[in-house]
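Engineer: Generate a structure from the sequence data that follows.
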Amino acid sequence: MATRPKHRKNSTGPRRRELLQALGIFQRATPDQLWKLTRPDNQHDKLTRDNLLDLQDHHLVRIELVREDQRQVWVLTKRGHGEAKRLLEPKGIRVSALREEKYDPVTGKLLGASYDDHAAAVTSTAAELHRAGIGHRLGFATEIPHRLADGYVQRADLVVRAPTAGVPVMLLEIDRRTEDAHDLVAKLRRYWEWGRLLPKDAAKRTVDLVRSRPAAIEDVDHEQRLWRRVYPPTGREGLVPLAFVFADTTEAKVTNTVAMLEDAGRRYWAPRRYESYYREAITAKDYSQAVPVVVTTLEQLTEHGADAAVWRRLGRDGEQTLTDALDNPDGDALYRRQYARAEAEDERRRAAERAARRPVCKRCGQKFTDQRWEETTARTAWKAGDLSVCGPCRADDVARKEAAEAARLQAATPPEPEHDHDQKPGKLRGLFRRRG
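Structural biologist: Below you'll find the predicted structure:
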């Protein structure tokens, strides 16, 4: 009976599990990438390589190929793939497909052993994000499908969820300039269209409204849209953020591509003006229907770190940190402040105009109260007496009129007849008296 190999000296259970999880998600990786995806706080990847060799001893991983730069590319074996499933699937994390070990029957050469530059760039991007504290290794996913209304499936190269880093969710497209700039604009358009879809169980009334008038989707709250069934709230206005990471290209090509994205993709990323009564006082922008798009390069992420000011937001000049680039300082928060100020200023202006129009009593010089002003301008103003006098003067007029009327009535009333003082109280005088 074969004895089970012992674990190597520098190998630990937690490290081995981390490597299996990372390879389960990314399928293939070099020791350098796995180091950044698991223990970036280590000074180098030696411990990572030691643990990979230990996993190899236990037939859980294997070296698929050695790249031109002499870096080994590691993959899971069938047994290791099963272990990765056991670690990831209970957490609801999708496991990548198994890289089967097949050989050419004639030459004996390993078939399908390749690690194309695009796949390597995707893994390196995730590694640099993780190294900067943006996303946990279990918060990454690759090749995530987004099905559009016409059935087309747009797959995101990478999805990161890093709520503790201020990025609840972000989609990433890695481009080595193998795609035309117009293709990237088309991808942006598809993500924008996907963000405007309704879920299958949406209310029939809403579905019918959007079907008859597509622009009506903008009146449907994001919480009622399909994307909120898939991803958490972004914590910001707009749809799910999208990042374009360029790799292995020139600065000039990146500049030209970004210019094309800004120009041809403006409809999808650009904010709008707020429709407001105080239009001239509102400079804030409405990002509610836009896809926040940021761009950077893999070289910048590697050299400066993903937490540095290496991200540029479309429509802005200069580079910012990722959270600053995704934030909208000129968005909804500014709009609420500007609207409140404009509304308060409008109220002060209307109050001043009303005060200037307020009538003045021609008798005492006092301004009318609101009640008196309303009395003199209402449809029943004919009951308000002299319309040129204020309330107190009007009350004086009414009092004088009532006093004069009371005096007139008193003067016109006849005097009461005198009473017979000899008559006893309570006794009526008869018609005939007895004569004595």
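
Engineer: next structured bit after the host helix or strand of Asp324?
Structural biologist: Using DSSP states H and E, Asp324 maps to helix 322-326. Following helix 322-326 in sequence order, the next helix or strand is helix 332-357 (DSSP H and E).

Engineer: that older thread, which residues belonging to the helix holding Asp324 are considered buried?
Structural biologist: Buried residues in helix 322-326, defined by neighbour count with 16 or more other Cβ atoms under 10 Å: 322-323, 325-326. (Glycine included, C-beta is placed from N, CA and C.)

Engineer: CSV for the residues you listed, including distance to Ala29?
Structural biologist: CSV is the format used below for these (distance: Cβ to Cβ, whole Å):
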residue, distance to Ala29
Leu322, 23
Thr323, 27
Ala325, 27
Leu326, 27
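
Engineer: from the residues you listed, which is closest to Gln27?
Structural biologist: Using Cβ to Cβ, the shortest approach to Gln27 within the buried residues of helix 322-326 belongs to Leu322, at 25.6 Å.

Engineer: can you give me the strands for the protein?
Structural biologist: 28-29, 61-66, 72-76, 102-103, 110-111, 140-147, 153-162, 167-175, 242-246, 272-273, 285-286, 293-297, 312-313 (DSSP state E).

Engineer: Make JSON lines from those and add distance to Arg379, mean pLDDT and mean neighbour count to it.
Structural biologist: Supplementary listing: the strands of the chain in JSON lines, determined by distance: least, Cβ to Cβ, whole Å; pLDDT from 0 to 100; neighbours: other Cβ atoms under 10 Å:
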{"stretch": "strand 28-29", "distance to Arg379": "83", "mean pLDDT": "94", "mean neighbour count": "26"}
{"stretch": "strand 61-66", "distance to Arg379": "90", "mean pLDDT": "91", "mean neighbour count": "17"}
{"stretch": "strand 72-76", "distance to Arg379": "87", "mean pLDDT": "94", "mean neighbour count": "23"}
{"stretch": "strand 102-103", "distance to Arg379": "94", "mean pLDDT": "64", "mean neighbour count": "11"}
{"stretch": "strand 110-111", "distance to Arg379": "94", "mean pLDDT": "58", "mean neighbour count": "12"}
{"stretch": "strand 140-147", "distance to Arg379": "63", "mean pLDDT": "96", "mean neighbour count": "16"}
{"stretch": "strand 153-162", "distance to Arg379": "65", "mean pLDDT": "97", "mean neighbour count": "19"}
{"stretch": "strand 167-175", "distance to Arg379": "59", "mean pLDDT": "97", "mean neighbour count": "22"}
{"stretch": "strand 242-246", "distance to Arg379": "61", "mean pLDDT": "98", "mean neighbour count": "24"}
{"stretch": "strand 272-273", "distance to Arg379": "42", "mean pLDDT": "92", "mean neighbour count": "12"}
{"stretch": "strand 285-286", "distance to Arg379": "43", "mean pLDDT": "96", "mean neighbour count": "20"}
{"stretch": "strand 293-297", "distance to Arg379": "60", "mean pLDDT": "98", "mean neighbour count": "23"}
{"stretch": "strand 312-313", "distance to Arg379": "59", "mean pLDDT": "98", "mean neighbour count": "20"}
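
Engineer: Redo these as a markdown table? Include distance to Lys383.
Structural biologist: Output for the strands of the chain, formatted as a markdown table (distance: least, Cβ to Cβ, whole Å):
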| stretch | distance to Lys383 |
| --- | --- |
| strand 28-29 | 90 |
| strand 61-66 | 97 |
| strand 72-76 | 94 |
| strand 102-103 | 102 |
| strand 110-111 | 102 |
| strand 140-147 | 71 |
| strand 153-162 | 71 |
| strand 167-175 | 65 |
| strand 242-246 | 69 |
| strand 272-273 | 50 |
| strand 285-286 | 51 |
| strand 293-297 | 67 |
| strand 312-313 | 66 |
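
Engineer: for the ones you listed, which one sits closest to Ala399?
Structural biologist: For Ala399, the closest of these is strand 272-273, at 59.4 Å, according to Cβ to Cβ.

Engineer: Which residues outside the closest one are in contact with it?
Structural biologist: By Cβ atoms under 8 Å, 6 or more residues apart in numbering, the residues outside strand 272-273 that reach it are 279, 282, 285-286, 289-290.

Engineer: same thing but 10 Å
Structural biologist: 218, 279, 282-290 (Cβ atoms under 10 Å, 6 or more residues apart in numbering).

Engineer: Now the two most distant members of the residues you listed.
Structural biologist: Across these, no pair lies farther apart than Glu218 and Thr283, at 21.3 Å, counting by Cβ to Cβ.

Engineer: quick one: the helices in the stretch 51-200 of the chain?
Structural biologist: Assigned by DSSP state H, counting those that start in this stretch, the stretch 51-200 of the chain shows helices spanning 78-88, 117-131, 181-194.

Engineer: Nearest to Ala308, out of the ones you listed?
Structural biologist: helix 117-131 (10.6 Å).

Engineer: Buried residues in the closest one, which are they?
Structural biologist: For helix 117-131, burial by neighbour count (16+ other Cβ under 10 Å) applies to 118-131.

Engineer: Over to stretch 312-321?
Structural biologist: So for stretch 312-321, counting by 16+ other Cβ under 10 Å, buried means 312-314, 319-321.

Engineer: Provide the backbone phi and psi angles at the closest residue to Thr249 other than its chain neighbours.
Structural biologist: Leaving aside its chain neighbours, Thr249 sits nearest to Arg177 (4.2 Å; criterion: Cβ to Cβ, 6 or more residues apart in numbering). Arg177 adopts backbone torsions of phi 60, psi 30, taken as degrees, to the nearest 10.

Engineer: Tell me the predicted confidence for Arg177.
Structural biologist: If you check Arg177, the pLDDT there is 77.

Engineer: you'd agree it is up against Thr255?
Structural biologist: No - at 11.8 Å, Arg177 does not count as touching Thr255 under the criterion of Cβ atoms under 10 Å.

Engineer: Of those two, give the one with the bigger neighbour count.
Structural biologist: Arg177 (16 against 10; other Cβ atoms under 10 Å).

Engineer: List the contacts of that one.
Structural biologist: Taking Cβ under 10 Å, 6+ apart, we find Arg177 in contact with 184, 246-250, 253-254, 256-257.

Engineer: got the residues you listed as JSON lines, with distance to Arg71 columns?
Structural biologist: What follows is these, written out as JSON lines (distance: Cβ to Cβ, whole Å):
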{"residue": "Leu184", "distance to Arg71": "29"}
{"residue": "Phe246", "distance to Arg71": "22"}
{"residue": "Ala247", "distance to Arg71": "16"}
{"residue": "Asp248", "distance to Arg71": "15"}
{"residue": "Thr249", "distance to Arg71": "21"}
{"residue": "Thr250", "distance to Arg71": "24"}
{"residue": "Lys253", "distance to Arg71": "26"}
{"residue": "Val254", "distance to Arg71": "25"}
{"residue": "Asn256", "distance to Arg71": "31"}
{"residue": "Thr257", "distance to Arg71": "28"}
